[in-house]
Structures are given as structure tokens and as C-alpha cells.
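Colleague: Please find the sequence and the predicted model below.
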Amino acid sequence: MMSQDRKPDEGKAARVSAQPGHVRNEAIEEMIRVDHAGEYGAVRIYQGQLAILRALPNKKELVEKLEHMAKDEEIHLARFNEIVNERGVRPTAFAPVWHVAGFALGAATALMGEKAAHACTAAVEEVIDEHYKHQVDRLDSMGAAEKPLRDTIEKFRLEEVEHRDQAIAAGAREAPAYPLLSGAIKAACRLAIRISEKA
């Protein structure tokens with residue numbers, strides 16, 4: 001029985017007005033979940049590359065560059081670990097898959113040669129740049145409440161762009177079958193993003 005002090009449509013209105021907040025919270029949770037997964041995958045890619053390249057002769061300079069990039073990714077992952085805990089976001093259920101797939105991608109491209117390793121970095125970071133730009137635009141539309149998250153993502157985006165530019169300068173586009181290799185890696189990254197957002 002309806003309370004006498006509530007009009008017939010008030011309950012419906014309350015549900016409707018609450019919906020935008022629900023949609024917004026869901027969108028932010030998806031952003032955090034996929035970014036956490038992405039940074040984890042990036043760490044694993046560098047671990048795979050370094051596992052191969054550290055064992056090869058005359059790769060000291062390349063290893064040092066990759067270690068620097070890997071350190072940035074570890075910092076990004078550590079911050080997203082904090083955000084996941086602070087905001088109570090469920091991490092992706094596909095983390096075990098990205099654990100194996102990231103390492104395998106890194107190791108495989110390192111085995112293909114130095115230029116292929118750089119091509120992997122350039123392709124991954126190009127997708128991440130696009131992805132983070134889209135997130136920053138969405139967070140800008142949400143106002144001041146999400147500015148800290150927006151600024152974190154923008155800071156990380158600029159660091160990913162730096163990695164991409166360094167990889168291109170080091171000869172990423174000279175890798176064997178570069179268009180095919182780059183296209184395949186980008187497609188895999190975009191698929192991983194879609195999966196990690198929801199699952």
C-alpha cells in the first residue's frame with residue numbers, strides 16, 4: 001500500500017533521477033578496471049621482453065631503455081592498485097590471461113629482434129594513447145569530482161606517448177612486416193580493452 005504522503009509518481013521519479021549516477025559510477029568502474037588491467041599487461045610485456053634481451057649479448061643499451069619504460073609501467077600499476085582498493089572496483093577476471101599473454105607477447109617480439117620489440121611498444125602505446133584520451137574527455141565532462149582521476153590518467157597518457165615516440169625513434173617502423181605486426185598487436189590490445197572493461 002502506498003504511503004499517503006507520497007504522490008504516485010514520486011517513487012518512479014526517484015529511480016529515474018538516480019539512474020545517471022548509477023551509469024556514471026559504472027562508467028568510472030569500467031575505466032579503472034580496464035586501466036588497471038592494461039598497466040598490468042604492460043608490465044608483463046616488458047617482463048617478457050627483458051627476460052629474452054637480458055640473456056643476449058650487446059643489448060645493454062636496449063635493456064636499460066626498456067627497464068626505464070618498465071619502471072614507469074610499474075609505477076602506473078602501483079597507482080591503479082591503490083585506486084582499485086580506494087574505490088572498491090573489482091579487477092578484471094581475465095588477469096590470469098593477461099599475465100600469460102602479456103609475457104608471451106613481450107618474449108615473442110623480443111625473439112623477433114630489437115626492431116620488433118620497439119614495434120610492439122609503439123603499437124601498444126598508440127592504442128593506450130587513444131584509449132586514455134577518450135577517458136580524459138569523458139572525465140572532463142563529469143566535472144571537478146573526478147579531476148584527480150582525470151589528471152592521473154592524463155599524466156600516465158603523456159608518459160605512454162613518450163614511450164611510443166622513443167620506440168619509433170629507435171626504429172619500430174623498420175621491423176620486419178611492420179604493418180602486419182603493428183596491426184595485429186593493436187587489434188589484440190583493443191580486444192583486451194573491451195573484454196577487461198566488462199569482465
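Modeller: Everything's here; your move.

Colleague: and the next element down the chain from the one helix or strand in the chain whose mean pLDDT sits lowest?
Modeller: Least confident helix or strand of the chain, by mean pLDDT, DSSP states H and E, is helix 10-53 with a mean of 78. Next helix or strand after helix 10-53 toward the C-terminus (DSSP states H and E): helix 60-87.

Colleague: In space, what's closest to the spatially most central residue of the chain - neighbours in sequence excluded?
Modeller: With distances taken as CA atoms, centre = their mean, the residue of the chain nearest its centroid is Gly38 (3.0 Å). Distances taken as CB to CB, 6 or more residues apart in numbering place Ile128 nearest to Gly38, at 6.4 Å, with adjacent residues excluded. Yep, even glycine has a C-beta here, placed from its N, CA and C like the rest.

Colleague: ok, that neighbour to Gly113 distance?
Modeller: According to CB to CB, to the nearest Å, Ile128 and Gly113 sit 23 Å apart.

Colleague: what about those two, which has more around it?
Modeller: More neighbours surround Ile128 than the other of Ile128 and Gly113, with 25 against 14 (other CB atoms under 10 Å).

Colleague: Which pLDDT value belongs to the more buried one?
Modeller: Per-residue confidence at Ile128 stands at 96 (pLDDT).

Colleague: Gly113 contacts Ala175, correct?
Modeller: Yes - using CB atoms under 8 Å, Gly113 is in contact with Ala175, at 7.2 Å.

Colleague: mind checking how far the residue nearest to the centre of the chain is from Ala107?
Modeller: Distance, Gly38 to Ala107, by CB to CB: 19 Å.

Colleague: One more: Pro57?
Modeller: Where Ala107 is concerned, Pro57 sits at a distance of 18 Å (CB to CB).

Colleague: Which of these two has more residues huddled nearby?
Modeller: Per other CB under 10 Å, whichever of Pro57 and Ala107 has more neighbours is Ala107, with 20 against 5.
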